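Visitor: Below: sequence and its predicted model.
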Amino acid sequence: MIPDLLASGAEVRSGPVRRPAVAGRTIFDYADDLAIQMPASCQRSGRCHECVIEVSSGAESLSETTDAESFLKAPFRLACQATIERTDSVIEFRPLRRRLRILLGQDEPLDGSVAEAFDSPVRRAGGVVTYDGVHLDIDRGRALGLAVDVGTTTVVLELIDLESGAILGVAGFENPQGFGGSDVMNRISYDGNAPGELRKALGRALNQEIRTLCSELGIDRRVIYEAVIVGNATMRDCFFGIDVSPIGQRPYKSTIEIEARAGIRSTTVLSERAHRLGVWMHPQGFVVSAPLIASHVGADVAADLVALDAERLTGRWMLVDIGTNTEVVVSDGSRILAASCPAGPAFEGGLVRFGMPGSEGAIERVHLDGDAWQLETIGGVAAEGICGSGLIDLLAELRRGGRMSPLGVFGERAREVVVEPIRGITLSREDASNLAQAKAANACGQAILLRHIGAEPGDLDQVFLAGGFANHVDVANAISIGFLAKVQPDRVTKIGNASIGGARRLLLSRARRVALEALVGRIEHIELETTPDFFELFVEACRFEPMAAA
């Protein structure tokens, strides 16, 4: 019977693994069969909303959505509610939360510590634990903290010893809020229609990772006394349960930023007791955030600047934090300018048919050898898709080999290019168009800020690349397609996930928190869309060729 089912194409797939489709079984049943870890704390009743999946094909063969799934729109379902009704098609799904390759800052070894004096507000002395001098708990033998970077696409957390600075454990996973949209503007819209769902999805996933770390390390959650959260304005405020709708409309500012500028608040830093946010740590511990810079330039970029010791940098430098929202910071040694580039998720796994984040099976290196593609995947396993560094290589190789025009038109006007024939992985004309627009947004941010500061790319003394896949980007390829300004390649430093490194340093030092507030106050925010020739620059930057000066 199984061969007949497979011959007819009636099967259920997730990644490279497949099983025959059987009517009456749920997708959750198949997750069990395929050994896919699927969270569910409601005994598969649909109440917890944790087992969200994306159905990429065969949705018509599944049961109608239930009331428990009313917060979701196609192609998303709850695995426990999606039941197979027809066995006449291929049903392909993936869990919305995948574990990702962990990337620390280059100078931050997993078992090491930051070489600086520690000044955490958490103190153990006299048999008690205090927070800024106020009694918090009895002394349980140690004091730990969490550094958490909440990105639109990925989430990374570190468990830190607050007394030695040692990194005890690290976890990274795909942000489970993807059912609300792949970029911040869609998330903001979704949150307005289904308040609280995004926050709950993230909170549950984060708590599961904390529980796993604590279990593996034999740690009592009650010795975790503080967490520092960084992220863009939308991700940060959503985590704290703050209405994010103002960020989605002019002047595109957080409620917290608006209140701070009006003098209602003295800072954009947020602080809340852990039990009020439902974070799995000591209930009376504190969850605090880094400050916002302005508009969409959020606490994650502030943390980048901490990791860089930006207040001590000299000369002309530029930081490019690559992500769904790319942020650019430029300095001439005196002024510091910052802007947010609405790049979208094309290089982060969205809007490209076979795009995916940097998890196992992602093609991360591409080289054209004659007529054959040479591919490297994360983990050295069968390819499932292409992550950002692989897409940059692919575009550069297509241009270098004359197989794609600067406008993204393939040779012989083909509709797609086959990258991995066995797995059927391709790059389509539509994919190339989405990638062109994403890299154009990045290019405009760099070019406009350099113009404001009065510098050419070649004038920069240092260029820092940060972000989830920045450490794996081929700099020459990125420059050749206009993803990165025409800087001196030997002046480019890849700093890995600088946001999590900055969050860690803030967790360990009150002095750094004070210094960061002062630095943020000096930064000038530039709204790219108000630049008179922004549209012309954007159109020109959609070409796959080295970036022209603004």
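Guide: It's in.
Visitor: Could you use CA atoms for every contact and neighbour count after this?
Guide: Will do.
Visitor: Mind telling me what element the nearest residue in space to W373 that is not next to it in sequence is part of?
Guide: Excluding its sequence neighbours, the residue lying closest to W373 (Cα to Cα, 6 or more residues apart in numbering) is H367, at 5.8 Å. Following DSSP states H and E, the helix or strand that holds H367 is strand 362-369.
Visitor: What strands flank that strand, and is each parallel or antiparallel?
Guide: strand 372-377 (antiparallel), strand 385-386 (parallel) (DSSP bridges).
Visitor: So for G15, which of the ones you listed sits nearest?
Guide: strand 385-386 (9.4 Å; Cα to Cα).
Visitor: Dump the strands paired with strand 362-369 into a markdown table; add mean pLDDT as well.
Guide: Formatted as a markdown table, the strands paired with strand 362-369 follow (pLDDT from 0 to 100):
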| stretch | mean pLDDT |
| --- | --- |
| strand 372-377 | 93 |
| strand 385-386 | 92 |
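Visitor: Next one: the closest residue to A549 other than its chain neighbours from V381, what distance?
Guide: Closest residue to A549 apart from its sequence neighbours, by Cα to Cα, 6+ apart: A447 at 6.1 Å. Counting by Cα to Cα, to the nearest Å, the gap from A447 to V381 is 38 Å.
Visitor: what about these two, which has more around it?
Guide: A447 (22 against 13; other Cα atoms under 10 Å).
Visitor: three-state assignment of that one?
Guide: When classified by DSSP: H, G, I helix; E, B strand; the rest coil, A447 comes out as helix.
Visitor: so it makes contact with A485?
Guide: Yes: assessed by Cα atoms under 8 Å, A447 is found in contact with A485 at 7.4 Å.
Visitor: SS state for L484?
Guide: L484 - assigned by three-state DSSP - is coil.
Visitor: before we move on, the earlier item: between the strands paired with strand 362-369, which one is closest to E259.
Guide: Short answer: strand 385-386, nearest of the strands paired with strand 362-369 by Cα to Cα, at 42.0 Å.
Visitor: and the next helix or strand after that closest one, average pLDDT?
Guide: Toward the C-terminus, strand 385-386 is succeeded by helix 388-400 as the next helix or strand (DSSP H and E). Mean pLDDT, computed over helix 388-400, is 96.
Visitor: Which residues does helix 388-400 contact?
Guide: 347-349, 355-358, 363-368, 404-406, 469-470, 472-474, 477-478, 480-481, 544 (Cα atoms under 8 Å, 6 or more residues apart in numbering).
Visitor: Just the buried ones from these?
Guide: Burial by neighbour count, judged by 16 or more other Cα atoms under 10 Å, picks out 347-349, 355-358, 363-368, 404-406, 469-470, 472-473, 477-478, 480-481, 544 from the contacts of helix 388-400.
Visitor: Tell me which of those residues fall in helices.
Guide: Members of the buried ones among the contacts of helix 388-400 lying in helices (criterion: DSSP state H): N477, A478, S480.
Visitor: And the pLDDT at the first one?
Guide: It refers to N477. On the pLDDT scale, N477 gets 97.
Visitor: so how many other residues sit close to the nearest residue to it once chain neighbours are set aside?
Guide: Of all residues not flanking N477 in the chain, A396 sits nearest, at 5.5 Å (Cα to Cα, 6+ apart). Using other Cα under 10 Å, A396 is surrounded by 26 other residues.
Visitor: ok, now how distant is A396 from T493?
Guide: Applying Cα to Cα to A396 and T493 gives a distance of 21 Å.
Visitor: What of A515?
Guide: For A515 relative to T493 (Cα to Cα), the value is 24 Å.
Visitor: which SS class is V170?
Guide: Note that with three-state DSSP, the state of V170 is strand.
Visitor: in the chain, what spans have low per-residue confidence?
Guide: 1-9, 97-117, 550 (pLDDT under 70).
Visitor: domains of it?
Guide: Per automatic domain parsing, the domain ranges recorded for the chain read 2-95, 122-300, 314-344+435-502+523-541.
Visitor: Distance to R415 for these - can I get that in TSV?
Guide: Listed next are the domains of the chain as TSV, based on distance: least, Cα to Cα, whole Å:
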stretch	distance to R415
domain 2-95	21
domain 122-300	25
domain 314-344+435-502+523-541	15
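Visitor: burial count for the residue lying closest to V366 once chain neighbours are set aside?
Guide: Excluding the flanking residues, the one nearest V366 by Cα to Cα, 6+ apart is L375, at 4.9 Å. Look at L375: counted by other Cα under 10 Å, it has 19 neighbours.
Visitor: next one: stretch 417-433 to chain centre, how far?
Guide: 24 Å (Cα atoms, centre = their mean, to the nearest Å).
Visitor: end-to-end on it?
Guide: Span of stretch 417-433 from end to end, Cα to Cα: 14 Å.
Visitor: Show me which positions of it end up buried.
Guide: In stretch 417-433, the ones that count as buried by 16+ other Cα under 10 Å are V417, V419, E420, I425, T426, L427, S428, R429, D431, A432, S433.
Visitor: same deal with stretch 332-352?
Guide: Buried residues in stretch 332-352 (16+ other Cα under 10 Å): 332, 336-352.
Visitor: Just the ones of those in helices?
Guide: Going by DSSP H, the helices hold none of the buried residues of stretch 332-352.
Visitor: show me where the stretch 1-150 of the chain has helices.
Guide: With DSSP state H, counting those that start in this stretch, the ranges of helices along the stretch 1-150 of the chain come out as 2-7, 27-33.
Visitor: before we move on, the earlier item: quick one, which of the domains of the chain gets closest to L308.
Guide: Between those, domain 314-344+435-502+523-541 lies closest to L308; by Cα to Cα that is 7.8 Å.
Visitor: Now do the closest one: distance from first to last residue.
Guide: 30 Å.
Visitor: now swap in stretch 173-192 and tell me
Guide: End-to-end for stretch 173-192, by Cα to Cα: 25 Å.
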